[in-house]
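Student: Turn this into a model:
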Amino acid sequence: MSAKILLADWLRVARTEIAQNLQELAIRLEDYAVCYQLFLSGLSKALLTETELLQHLVSEDGRFPAVADIAPTAILGNCFILAVMPSGHAWVSEAELTWGGVEKGPFKACPWSLPNPVLKGGRPTVDSFLENGQRLDITLQGN
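Tutor: As a prediction, this is how the structure comes out:
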């Protein structure tokens, strides 16, 4: 199985976990288009589709991150932004060497990633994610 197919499967598992976390906050991920903000090699100012994300997460020799946190961070337009933050660990070519092994791969789903001033000492709300979207220095293209 190709690395991109494996990563796509693992990404779906992480998105499912994130959607469940958001439901506890009365937020439905499926009500939005999902866009990705990749914190890797100067790419964090662009919103990526899943296909674009996967292209950046597989090297020419088929390696991919061993660990990558993924967390909901903002709503911008109709786009719910999931930040993908690969760790500094060496990239790997075997599923067994990732953070989550064969079942979860490198993606470690985090409940959310929002700055304290947006949270105001509480749990996130739709308004928190909208406010953080206004703070981002990112261009929304076609989403």
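Student: Tell me where the chain has helices.
Tutor: Ranges of helices within the chain are 3-23, 50-57, 101-104, 116-119, 126-135, based on DSSP state H.
Student: And for Val92, the neighbour number?
Tutor: Residues near Val92, counting by other CB atoms under 10 Å, number 18. (Glycine included, C-beta is placed from N, CA and C.)
Student: which residues does the residue found closest to it once you drop the neighbours it is linked to in the chain contact?
Tutor: The shortest distance from Val92 to any non-neighbouring residue, by CB to CB, 6 or more residues apart in numbering, is to Ala66 (4.8 Å). Residues near Ala66 by CB atoms under 8 Å, 6 or more residues apart in numbering: 87, 89-92, 97-99, 106.
Student: Buried only: go through the residues you listed for me.
Tutor: Neighbour counting with 16 or more other CB atoms under 10 Å marks 91-92, 98-99, 106 as buried within those.
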